[in-house]
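Visitor: Provide a 3D model corresponding to the input given below.
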Amino acid sequence: MPATPTITPVPIDEPSSTGSPISIRDVAATAGVSIATVSRVINDSHAVAASTAARVREVIARLGYVPNPMAKVFSSRESHIIGLALPRFHGEFMTWLLHGADEEATRLGYHLMMTTIAKGEDGSARRHIIGSLLIDALLVVITEQDDPLAEDVLASGVPTVVLDTDMSAQGLDSVILDNERGTREAVDHLLRWVEPGSLYFVGGPPQNFDTQQRSKAFAAALESRGHQIQPGQIEMGDYSLEWGKEWAIRMSRRGKLSGAVLAANDKIACGIMHAAEDLKVSVPDQLRVIGFNDSQISRLVRPRLSTVSLPMAEMGALAVRTLVRRIEHPNAEPHCAKLQTKLLIRESSTAIHF
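Guide: Prediction:
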């Protein structure tokens, strides 16, 4: 794991005792040094030559510059604040993750500061929290292995735990879901009623780590039974009701909206079920459906949706514990923790009512 660099904060300016709005820029300009040099002098860094440090201190005293005392807290990295950077997703998946992380951080004496990773008008991601002077360490949700955000995290040197994507090979502790187990249980369940050639996987974004893992596990489960995946048996789209409806309507036009389908999340699955209802295709008699997440919608839709439950609150809590261990043991070998998933069987995949 890369060594954690010394992070020198730029103090937040306060008015001088005379009321003049003296800034750190004024000090730097008067002393003929950079703002970073002034910050290092304020924080007693040994990286500044003694003569330069003496000149900067003389200017500080002469101008009456007063740095924010909180800068000392930030420079000592003792803020006890953990940053949590989430992609701009809405729904229970992130809500439960945040809940679990916040409770565990509080229990361990840390505060959680959350931000979403938005995109600017130019399409570039705004990732200000990474490397922030405010945080001791970082939890970050990365959903795609080739996300440019991963490079920023690796370059920051901030103690980091990655959620949802395994980056342990790159030197970062990671916490992920056991997508293989959940997918295999769902496939085994559906194959009790349908032939492998009549079982479909409807995924989310093709670059998404969870979708990739679930589609690979789906193909492996069928191939282990001697079935070769056919064109159209695995399709990718996005995590939305609309994509589920689109897939179902297209399959109906081909005369193939029957058998069974494993959807990469509950929204896709419910979109498929809504379209099936409109098309007079009975669930589960003609089409058996399973989703992922065990979101609230899975219990409200009728028939109730069978789904793979994900331990999101536990994932958030484990990520915080892993991060605190990383803070306390910065040279430990990075590892990846995998949390178990569980298939919940409801009416959408079996004619038996529970």
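
Visitor: For the rest of this, base every contact and every neighbour count on C-alpha atoms.
Guide: Fine.

Visitor: Mark out where each domain of this protein begins and ends.
Guide: 13-75, 81-176+312-339, 179-310+343-349 (automatic domain parsing).

Visitor: Where among these is average confidence lowest?
Guide: Per-stretch mean pLDDT for the domains of the chain is lowest at domain 13-75 (a mean of 74).

Visitor: helix/strand/coil for residue 33?
Guide: Taken by DSSP: H, G, I helix; E, B strand; the rest coil, the conformation at residue 33 corresponds to coil.

Visitor: 784 is where my numbering starts, stick with that
Guide: Sounds good: first residue 784 from here, last item residue 816.

Visitor: And the helices in the stretch 1034-1137 of the chain?
Guide: Along the stretch 1034-1137 of the chain, counting by DSSP state H, counting those that start in this stretch, helices occupy 1049-1061, 1079-1083, 1095-1111.

Visitor: Go through those and name the closest to residue 1020.
Guide: helix 1049-1061 (9.4 Å; Cα to Cα).

Visitor: Relative to the whole chain's centre, how far out is that closest one?
Guide: 26 Å (Cα atoms, centre = their mean, to the nearest Å).

Visitor: same deal with stretch 962-977?
Guide: For stretch 962-977, the distance to the chain centre is 26 Å (Cα atoms, centre = their mean).

Visitor: Tell me the buried residues in that stretch?
Guide: Within stretch 962-977, the residues scored as buried using 16 or more other Cα atoms under 10 Å are 962, 963, 964, 965, 966, 967, 968, 969, 970, 972, 973, 974.

Visitor: Reformat the residues you listed as CSV; add distance to residue 1041 and secondary structure.
Guide: Shown next, in CSV, are these (distance: Cα to Cα, whole Å; DSSP: H, G, I helix; E, B strand; the rest coil):
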residue, distance to residue 1041, secondary structure
962, 25, helix
963, 25, helix
964, 25, helix
965, 22, helix
966, 20, helix
967, 20, helix
968, 20, helix
969, 17, helix
970, 16, helix
972, 16, helix
973, 12, helix
974, 13, coil
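
Visitor: Now distance to residue 1126 too, for the residues you listed, in TSV please.
Guide: Below are the buried residues of stretch 962-977 laid out as TSV (distance: Cα to Cα, whole Å):
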residue	distance to residue 1126
962	11
963	12
964	9
965	6
966	9
967	10
968	6
969	6
970	10
972	9
973	11
974	14
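
Visitor: Next, the most centrally placed residue in the chain: phi, psi?
Guide: Geometric centre of the chain, nearest residue: residue 924, 1.6 Å, by Cα atoms, centre = their mean. Note on residue 924: backbone dihedrals following degrees, to the nearest 10 are phi -90, psi 120.

Visitor: is it in a bridge, and if so with what?
Guide: Listed by DSSP bridges, the beta-bridge partners for residue 924 are residue 946.

Visitor: My guess is it contacts residue 869. True?
Guide: Yes. In this structure residue 924 lies within contact range of residue 869 using Cα atoms under 8 Å: 5.3 Å.

Visitor: Pull out the buried residues from stretch 1084-1096.
Guide: 1086, 1087, 1088, 1089, 1090, 1091, 1092, 1093, 1094, 1095, 1096.

Visitor: Can you name the residues in contact with it?
Guide: Contact with stretch 1084-1096 is made by 876-877, 879-884, 960, 965-966, 969, 1049, 1052-1053, 1066, 1072-1077, 1081-1082, 1122-1132, as judged by Cα atoms under 8 Å, 6 or more residues apart in numbering.

Visitor: Next: stretch 1014-1032.
Guide: 980, 982-989, 998, 1040, 1047-1048, 1050-1059.

Visitor: Can you flag the buried ones in the residues you listed?
Guide: 982-988, 998, 1040, 1047-1048, 1050-1059.

Visitor: Mind jotting down where the helices sit in the stretch 834-983 of the chain?
Guide: Ranges of helices within the stretch 834-983 of the chain are 853-858, 875-890, 931-939, 962-973, based on DSSP H, counting those that start in this stretch.

Visitor: Including distance to residue 807, could those go into CSV?
Guide: As requested, the helices of the stretch 834-983 of the chain are exported to CSV (distance: least, Cα to Cα, whole Å):
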stretch, distance to residue 807
helix 853-858, 12
helix 875-890, 34
helix 931-939, 24
helix 962-973, 51
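
Visitor: and residue 817, which of those helices is closest to it?
Guide: Residue 817 lies closest, by Cα to Cα, to one member of the helices of the stretch 834-983 of the chain: helix 853-858, at 17.5 Å.

Visitor: Return the most buried member of the helices of the stretch 834-983 of the chain.
Guide: Comparing the helices of the stretch 834-983 of the chain by mean neighbour count (mean count of other Cα atoms under 10 Å), helix 962-973 comes out on top with a mean of 21.

Visitor: Sounds good, over and out.
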